[in-house]
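J.: A structural model of the following input is requested.
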Amino acid sequence: MKKILIIEDDTFLQGLEAGKLTKSGFEVKTATTAEAGLKILDEETMDFLLLDLMLPGDKDGFAVLEEVRGKKDYKKTPIIIFSNLGEEAEIKKAKDLGANDFMIKSNFTLEELVEKINELLK
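T.: Residues are numbered from 1 along each chain as shown. Predicted coordinates:
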């Protein structure tokens, strides 16, 4: 069973994402802050990361992305940025830092998100 970490500060949306992914056959861990997410990544190996950019605290999603890509075990792990941000510069920055894809929350259903995750895990 593939393990997915969701780092998302909106607990309602995080619950919807986690529920959909669990029903789709994934083991799901969640974090609402960058620090909590990075701690999980240090403690166990994840197969996929779903990352929001706007996070509370000192680190945003860009900082998490950069730190995760710097870890030997996570250089090739698929990462989707799932955010309400969507300016060209933000998308370019995320991809430059190593995101596999950038999905704007309002433009995709949870079903489409699952399809994209499955595609990247092949």
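J.: show me where pLDDT drops low in the chain?
T.: Counting by pLDDT under 70, the chain has no low-confidence residues at all.
J.: the strands in it, which residues?
T.: For the chain, the strands defined by DSSP state E occupy 3-7, 27-31, 48-51, 79-83, 101-104.
J.: can you redo those as a markdown table with distance to residue 112 and mean neighbour count?
T.: For every residue, glycine as well, the C-beta is placed using N, CA and C. Converted to a markdown table, these look like this (distance: least, Cβ to Cβ, whole Å; neighbours: other Cβ atoms under 10 Å):
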| stretch | distance to residue 112 | mean neighbour count |
| --- | --- | --- |
| strand 3-7 | 16 | 23 |
| strand 27-31 | 17 | 18 |
| strand 48-51 | 13 | 24 |
| strand 79-83 | 11 | 23 |
| strand 101-104 | 8 | 16 |
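J.: can you put those strands in CSV and add distance to residue 72?
T.: Below are the strands of the chain laid out as CSV (distance: least, Cβ to Cβ, whole Å):
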stretch, distance to residue 72
strand 3-7, 17
strand 27-31, 20
strand 48-51, 15
strand 79-83, 15
strand 101-104, 22
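J.: give the contact list for residue 16.
T.: Contact analysis of residue 16 by Cβ atoms under 8 Å, 6 or more residues apart in numbering lists residue 110.
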